[in-house]
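K.L.:
next come a sequence and a model predicted from it.
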Amino acid sequence: MTTKARPRRARGDGGYRRRGGDSWELKFPVTDPVTGARTLRYTTFKGTETGARSRLRELVAQAEAGTLIAPERKTVGELLDGWEGALSVSPKTAERYREIIRLHIRPHLGALRLQALQPMRIERFYSDLAAGRRPDGAAGRPLSPLTIRHVHRLLLKALSKAERDRLIPANPARQAERPRVERSELEILTEAQIRDLLTQLRGRPFYLLAVVGLSTGMRRGEMLALRWRDVDLDQAQLTVQQSLEETRAGLRFKPPKTKHARRTISLPAFAVAALRAHKAAQARDRLALGLGRQGLGSLVFQRPDGSPMRPDTVSSEWRKAIAAAKAPKVSLHALRHTHASQLIASGLDVLTISRRLGHGAPSITLDVYSHLFKPADGAAAAVFDRAFGGLQAE
C-alpha cells in the first residue's frame with residue numbers, strides 16, 4: 001500500500017512535498033506590502049529533495065525581505081506597450097525609439113515571456129541583427145554595430161523599468177555582452193580647409209551658417225532656432241535658448257536638454273561682422289517683400305516669409321551648396337567638430353570647451369575628443385622639478 005507523502009515543514013509556514021519523480025511542490029507565505037494580507041504561494045521545483053529544501057529557504061527569505069519576484073506571464077512586447085506609452089522624451093526621440101521597437105525588438109523578442117528572457121538570448125538577438133537574419137528565416141539588411149548599440153541602449157532602458165517594478169529579478173540586457181563599436185574618425189577641417197570653405201561660400205546663402213557653426217560650435221537645431229533677441233552684437237555674444245527639431249508632426253521648438261546646453265557664447269569679430277551684414281540684408285529683403293520690419297523675435301536663419309527652415313532640408317541643401325561652390329565636402333556637423341578641435345589645439349581647458357559646446361559634463365567632451373588632447377605628462381613632471389628641483393636624492 002502506497003502512502004501519500006505528507007508536506008515537510010520548513011521555515012515559517014513553508015513546506016514541500018514530492019509530486020512525482022524529481023518534481024516537488026513548494027509552498028511559502030507571502031505578505032502583501034500594501035494590505036498586509038498573508039497568503040500562501042505555490043511553485044514547482046525539479047531536482048533533488050536537498051535542492052527543493054534549499055530553494056524553499058531562498059523563497060521564504062526573499063518573501064520576508066520583500067525582494068520576492070512574483071510569477072509574471074507578461075511578454076517583452078507587453079512590457080514595451082506600457083513603456084512606449086509612458087515615454088518622457090522629446091517627440092523626435094520618441095519617434096526614434098518607436099521605430100527601433102517596431103522594426104527590430106518586437107519581431108525578434110516581442111513574443112517571449114519577460115521572465116524567460118536571458119542574456120544569452122539577447123546576445124543571439126544582436127547577432128541576428130548584425131547578420132541580417134529575420135525571425136521568419138529570410139535574409140534582411142544587416143545592421144551596423146552603432147545601430148545595434150542604439151537597440152541595446154533602448155532595450156536596457158525598458159528592462160530597467162521592469163526591474164524597478166519587480167517584474168524581473170535583474171536586467172538581462174545589463175548582463176549581455178554589448179556590441180562593440182569602432183570609434184570612427186571625426187570629420188574635422190584643417191585651417192586651410194576652413195579658409196577655403198569660407199572663401200568659396202562668401203556671398204552664397206550658406207556663408208553665415210558656416211561662419212556661426214565654425215565660430216560657436218552650435219548644433220544644427222540650435223542655429224536654426226536662434227532669434228535676434230538672443231544675439232547681442234554690441235557685446236559680441238549670443239545665448240542658446242532653444243533648439244529646432246523636425247518630427248513627423250512637423251517642426252517644434254524645444255528647450256535645451258540640460259542646463260549646460262542653455263549657454264552664452266562669445267563671438268569673434270568676423271562672426272559679429274557677418275551677423276551685422278546678414279541682419280541688414282534680412283531687413284531689406286523683408287521690406288522688399290512687404291513683410292514690414294522684423295522684430296527681435298525673428299529668426300536669424302529663416303525662409304523668405306520668416307518661417308523656420310526645416311533641419312533635414314538645410315542639411316540636404318548644405319551638401320548641394322558646398323558641391324556647387326567647389327568647397328571642401330563636409331557635413332554640417334563637421335563645423336561643430338572643427339570648432340572643438342580648434343579650441344583643443346589652442347590649449348583651452350576641457351571645462352571651458354565643454355561649457356561652450358553645451359555638453360552635460362566635461363567627461364562627454366573627453367569621450368568624443370580624447371584623441372585630440374595631447375599628453376602633457378612632461379609638463380606635469382616639470383611642475384615637480386620647479387617645486388623640488390633643489391633637493392637631492394639620498
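P.N.:
Arrived safely, thanks for sending. Numbers count the residues shown, from 1 in each chain.
K.L.:
excluding its backbone neighbours, what's nearest residue 241?
P.N.:
residue 230 (5.3 Å; C-beta to C-beta, 6 or more residues apart in numbering). (Glycine included, C-beta is placed from N, CA and C.)
K.L.:
from memory that neighbour sits against residue 237, does it?
P.N.:
No. With contact defined as C-beta atoms under 8 Å, residue 230 does not count as touching residue 237 (9.6 Å).
K.L.:
which parts of the helix or strand harbouring residue 98 are buried?
P.N.:
Using DSSP states H and E, residue 98 maps to helix 91-100. By neighbour count with 16 or more other C-beta atoms under 10 Å, helix 91-100 contains the buried residues 91-92, 95, 97, 100.
K.L.:
contacts only, for the residue nearest to residue 241.
P.N.:
Going by C-beta atoms under 8 Å, 6 or more residues apart in numbering, residue 230 touches 238-241.
K.L.:
residue 303 now?
P.N.:
Neighbour list for residue 303: residue 309 [criterion: C-beta under 8 Å, 6+ apart].
K.L.:
just the pLDDT at residue 317, thanks.
P.N.:
With respect to pLDDT, residue 317 scores 94.
K.L.:
go on, residue 10?
P.N.:
Residue 10 is assigned a predicted lDDT (pLDDT) of 45.
K.L.:
report the rounded mean pLDDT for stretch 301-308.
P.N.:
90.
K.L.:
what of stretch 336-355?
P.N.:
In this model, stretch 336-355 carries a mean pLDDT of 92.
K.L.:
quick one: residue 303 from residue 313, how far?
P.N.:
Per C-beta to C-beta, to the nearest Å, residue 303 is found 10 Å from residue 313.
K.L.:
and if you look at residue 243?
P.N.:
Distance, residue 243 to residue 313, using C-beta to C-beta: 16 Å.
K.L.:
comparing those two, which residue is more hemmed in?
P.N.:
Legend: neighbour count by other C-beta atoms under 10 Å for residue 243 and residue 313, higher for residue 243 (25 against 11).
K.L.:
in the sheet, who's paired with that one?
P.N.:
Beta bridges link residue 243 to residue 254 when assigned by DSSP bridges.
K.L.:
my guess is it meets residue 222, correct?
P.N.:
Yes. Using C-beta under 8 Å, residue 243 is in contact with residue 222, at 5.0 Å.
K.L.:
okay, now the unreliable bits of the stretch 251-394 of the chain?
P.N.:
Scanning the stretch 251-394 of the chain for pLDDT under 70 picks out the ranges 292, 375-394.
K.L.:
can you give me the helices in it?
P.N.:
Assigned by DSSP state H, counting those that start in this stretch, the stretch 251-394 of the chain shows helices spanning 269-288, 311-324, 334-345, 350-357, 362-369, 377-388.
K.L.:
of all those, which one comes closest to residue 157?
P.N.:
Closest approach to residue 157 among the helices of the stretch 251-394 of the chain (C-beta to C-beta): helix 362-369, 18.5 Å.
K.L.:
what packs against the closest one?
P.N.:
When contacts are defined as 3 or more C-beta pairs under 8 Å, 6 or more residues apart in numbering; DSSP states H and E, helix 362-369 packs onto helix 334-345, helix 350-357.
K.L.:
for the helix holding residue 98, the averaged confidence score.
P.N.:
The predicted model assigns helix 91-100 a mean pLDDT of 89.
K.L.:
next, the angle from it to helix 311-324.
P.N.:
Angle, helix 91-100 to helix 311-324, by axes from the mean of the first three to the mean of the last three C-alpha atoms, to 10 degrees: 90 degrees.
K.L.:
dump the helix or strand hosting residue 81 to CSV, keeping only the CA atoms.
P.N.:
Counting by DSSP H and E, the element that carries residue 81 is helix 76-85. C-alpha atoms of helix 76-85 as CSV (Å, rounded to 0.1, in the frame of the first residue of the first chain):
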residue,chain,number,x,y,z
VAL,A,76,8.5,41.5,-23.8
GLY,A,77,6.0,43.0,-26.2
GLU,A,78,3.5,43.8,-23.5
LEU,A,79,6.2,45.4,-21.4
LEU,A,80,7.1,47.6,-24.4
ASP,A,81,3.5,48.6,-24.9
GLY,A,82,3.4,50.1,-21.4
TRP,A,83,6.9,51.6,-21.7
GLU,A,84,6.2,53.3,-25.0
GLY,A,85,3.1,54.9,-23.6
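K.L.:
next, residue 17: secondary structure please.
P.N.:
strand (DSSP: H, G, I helix; E, B strand; the rest coil).
K.L.:
that one touches residue 23, doesn't it?
P.N.:
No. Residue 17 lies out of contact with residue 23 (C-beta under 8 Å); the separation is 10.2 Å.
K.L.:
strands of the stretch 1-150 of the chain, start to end?
P.N.:
8-9, 15-20, 23-31, 38-46 (DSSP state E, counting those that start in this stretch).
K.L.:
separation between residue 206 and residue 179?
P.N.:
Per C-beta to C-beta, residue 206 is found 36 Å from residue 179.
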